[in-house]
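Engineer: I'd like to go over a predicted model; first the sequence, then the structure.
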Amino acid sequence: MAKVSESAAEAASTAAAPPLTSASAPPSRPKAKHRLEIEGYPVEGLSIGGQETCVIFPTLSLAFDIGRCPQRAISQEFLFISHGHLDHIGGLPMYVATRGLFRLRPATIFVPACLRDLVERLFEVHRAIDQSELKHNLVPLEVGEEYELRRDIKVRAFRTYHAIPSQGYVIYSVKQKLKQEFIGLPGSEIKRLKLSGVEITNTVSTPEIAFTGDTTSDFILDPDNADALGAKILVVESTFLDDSISVEHAREYGHTHLFEIASQSDKLGNKAILLIHFSARYTTEVG
């Protein structure tokens, strides 16, 4: 059974950093209030339902969603937007503008393909308002489409079920492994085969991290989402946590209830599950 890490309103959040004195220096790493490490991956960010979500994996230089652009997100090279609600996309112009301010390379931003034109129009408006270039690379992805981030990392979009068009993302590690028939051969022979044009390796892709964004639990039942349900880490919304809000209410608004995750845990093959997007009705106070 998967190990569950609960992320309350401020879990994995970052504190405000002191003001920067130079616009030419990238933002310094703020002191974290809570920093998680899950299956070897440091995880930072903040997620409160209806207010903001941004989940950061700094060793991969990527972030999922950007409701208000926390400072730590600015240094991440890749950004994945799950859907168009403002608590998930509202900080996008600031993210791009601040990277430009610190002279960082233009970010690569992934969005559902249906949002491409709208996001470009969003940047056009902000260029006119801000009188700046707002350089970025926008990559629209359809569900099921893959994109190579680096030679050793790729992403694939998967279907989620929210109130508006949405999708999640699976991050894969990509490695070349020697084919079974060549294991045990001397290195000189393997080198000779490779130089002669023989394909001596297989490409092995392993799902490392899956991020759902906002969705009902129906994503668990989708047969095309096996990699998301088998990734080492599943970052999944759990907007409602107790019986003060019903499962039916959660589903009506396109969200997932903790009870649903618990009742379908037999379908989750993840090593760890990070719950995010708790409703603001919950607090971190005890007693």
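Structural biologist: Nice, I can see it.
Engineer: how far away is Thr283 from Tyr253?
Structural biologist: 21 Å (Cβ to Cβ, to the nearest Å). C-beta coordinates here come from the backbone N, C-alpha and C atoms, glycine included.
Engineer: Which one of those two is surrounded by more residues?
Structural biologist: Taking other Cβ atoms under 10 Å, Thr283 and Tyr253 do not tie; Tyr253 has more neighbours (14 against 10).
Engineer: count of residues packed around the closest residue to that one other than its chain neighbours?
Structural biologist: In space, and not counting its chain neighbours, Tyr253 is closest to Ala163: 6.4 Å by Cβ to Cβ, 6 or more residues apart in numbering. By other Cβ under 10 Å, 14 other residues sit near Ala163.
Engineer: Where does Ala163 sit: helix, strand or coil?
Structural biologist: Classification of Ala163 by DSSP: H, G, I helix; E, B strand; the rest coil places it in coil.
Engineer: With Asp227 instead?
Structural biologist: For Asp227, the assignment made with three-state DSSP gives helix.
Engineer: Isn't Ile109 up against His136?
Structural biologist: Yes - the pair Ile109 and His136 passes the contact test of Cβ atoms under 8 Å, sitting 5.6 Å apart.
Engineer: Now do the shared contacts for these two.
Structural biologist: Residues touching both Ile109 and His136 (Cβ atoms under 8 Å, 6 or more residues apart in numbering) are Val96.
Engineer: just to revisit the earlier point, contact partners for the residue nearest to Tyr253?
Structural biologist: 214, 253-254 are the contacts of Ala163 under Cβ under 8 Å, 6+ apart.
Engineer: where does His88 land in three-state SS?
Structural biologist: On the basis of three-state DSSP, His88 is classed as helix.
Engineer: From Ile200, how far off is it?
Structural biologist: 44 Å.
Engineer: do the same with His126
Structural biologist: As for His126, its distance to Ile200 is 50 Å (criterion: Cβ to Cβ).
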